[in-house]
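S.K.: coords below, sequence missing:
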């Protein structure tokens, strides 16, 4: 009989602990629900035109350089790799 009383006492403590944890979880869910229902605050964006710095690419090849130049030591139509 003593064994059953110990088990009963242990189960009561477990139920008490579970009820306390359940209350904590309910409060967390309530807080999460309130947080999700609030509108998201977006940062204020200026409507003025923003200045963007950009550069124009400049060619470094001289105009007098031929577009199809052959390297010294190579014949036309021969691969550069062996």
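M.R.: Everything's here; your move. Just so it is clear, the structure is predicted and the values come from calculations on it, not from any experiment. Residues are numbered from 1 along each chain as shown.

S.K.: Every contact and neighbour count from this point should use C-alpha atoms.
M.R.: OK.

S.K.: Assign residue 44 to helix, strand or coil.
M.R.: coil (DSSP: H, G, I helix; E, B strand; the rest coil).

S.K.: How many neighbouring residues does it have?
M.R.: 6 (other CA atoms under 10 Å).

S.K.: who's in contact with it?
M.R.: Contacts for residue 44 were tallied using CA atoms under 8 Å, 6 or more residues apart in numbering; there are none.

S.K.: pLDDT wise, what is residue 49 at?
M.R.: pLDDT recorded at residue 49 is 59.

S.K.: could you pull out the helices for this structure?
M.R.: Here the chain has its helices, by DSSP state H, at 2-37.

S.K.: low pLDDT regions in it?
M.R.: Applying pLDDT under 70 to the chain flags residues 45-54, 57-82.

S.K.: From residue 27, how far out is residue 44?
M.R.: Noted for residue 44: a distance of 33 Å to residue 27, by CA to CA, to the nearest Å.
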